[in-house]
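Undergrad: quick check, what structure comes out for this input:
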Amino acid sequence: MMPEAPLAEKSAVLARHAFFKGASAGALNRLGAHAREVRYSAGQPIFRKGDEGLGLFAVLSGAVKISVPSPDGRELVLRLVGENEIFGEVALLDGGPRTADAMAAGRCHLLFLDRRDFLAVLKEEPSLAIKLLTLVSDRLRQTSEQVEELTFEAPTARLAKALLRLARLQGTAAAEKPQIRITQKELGRTVGLSRETTNKCLNEWALDGALKIEKGACTLLDRAFFARLASGEAP
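TA: Next up is the predicted model:
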């Protein structure tokens, strides 16, 4: 286990995190005093649906998959949370159990903030409370958009959006040919498609020269092609 960072370092890390930017030095020091660094390897569960909601997580690096399981073992991926984002806010606010599973989508470095400590700071730091309300509103909008996409949008458009979003989360979006590290099974789960349907789409795109399929990854060879698909244009 790596040694815990000193208070000044943890406060500085919080100050750089998008959610905590603008918070007072006093608030950052109070949060930093109780923040705990945690690291997870790919595929490692962070919490499960129904677990006690003990606090909030801030992502320093890596990505986290938020999903809900079905009784028959299937999984619906609600969202992928990346660097400079937070998760676990629902249980933080109401003190209830976790509403979904959270699992490391790759190696993750997180900061954990205990619910009691965070709520105490919220009472004295209105700017953070407003940011948290904005975040919850954004999550509701994302959920509405996801339901709309799953109901009305073509599988190809959903897959294209997922690939572009994953490139941003994994930090490869700026590359000429972004590589995305994800299995076909996991990719399909992010948009509610079977592995077979996902495989069919990817193979067709590979034959067209728009994408290169690799083991546990794929590379976008024609980014404009996927941008058109994501916007709803015909390929």
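Undergrad: report the contact partners of residue 220.
TA: Contact analysis of residue 220 by Cβ atoms under 8 Å, 6 or more residues apart in numbering lists 163, 164, 167, 177, 178, 179, 180, 210, 211, 226. In short, each C-beta sits where N, CA and C put it, glycine included.
Undergrad: only C-alpha atoms, please: export the helix or strand in which residue 199 is found in PDB.
TA: Using DSSP states H and E, residue 199 maps to helix 195-207. Taking C-alpha atoms only, helix 195-207 is exported to PDB below (Å, rounded to 0.1, in the frame of the first residue of the first chain):
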ATOM      1  CA  ARG A 195     -21.800  -8.700 -28.300                       C
ATOM      2  CA  GLU A 196     -23.000 -10.200 -31.600                       C
ATOM      3  CA  THR A 197     -24.600  -6.900 -32.800                       C
ATOM      4  CA  THR A 198     -21.500  -4.900 -31.600                       C
ATOM      5  CA  ASN A 199     -19.200  -7.300 -33.400                       C
ATOM      6  CA  LYS A 200     -21.200  -7.100 -36.600                       C
ATOM      7  CA  CYS A 201     -21.000  -3.300 -36.700                       C
ATOM      8  CA  LEU A 202     -17.300  -3.200 -35.900                       C
ATOM      9  CA  ASN A 203     -16.500  -5.700 -38.600                       C
ATOM     10  CA  GLU A 204     -18.500  -3.800 -41.200                       C
ATOM     11  CA  TRP A 205     -16.600  -0.600 -40.200                       C
ATOM     12  CA  ALA A 206     -13.300  -2.500 -40.400                       C
ATOM     13  CA  LEU A 207     -14.100  -3.700 -43.900                       C
END
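Undergrad: show me what it is packed against.
TA: Secondary-structure packing of helix 195-207 (3 or more Cβ pairs under 8 Å, 6 or more residues apart in numbering; DSSP states H and E): helix 155-169, helix 184-190, strand 211-214.
Undergrad: pLDDT of the following helix or strand past the longest one, averaged?
TA: For helix 155-169, the following helix or strand on the C-terminal side (DSSP H and E) is strand 179-180. The pLDDT scores in strand 179-180 average 92.
Undergrad: gap between strand 179-180 and the chain center?
TA: 16 Å (Cα atoms, centre = their mean, to the nearest Å).
Undergrad: list the strands paired with that strand, with their directions.
TA: Using DSSP bridges, the strands paired with strand 179-180 are strand 217-220 (antiparallel).
Undergrad: now do the same contact list for the residue nearest the centre of the chain.
TA: Nearest to the geometric centre of the chain sits residue 81, at 1.3 Å (Cα atoms, centre = their mean). The neighbourhood of residue 81, defined by Cβ under 8 Å, 6+ apart, consists of 59, 63, 64, 65, 66, 87.
Undergrad: the one helix or strand residue 116 maps to - contacts with which helices or strands?
TA: Assigned by DSSP H and E, residue 116 belongs to helix 115-124. Helices and strands touching helix 115-124, by 3+ Cβ pairs under 8 Å, 6+ apart, are helix 25-34, strand 55-61, helix 89-94, helix 126-152.
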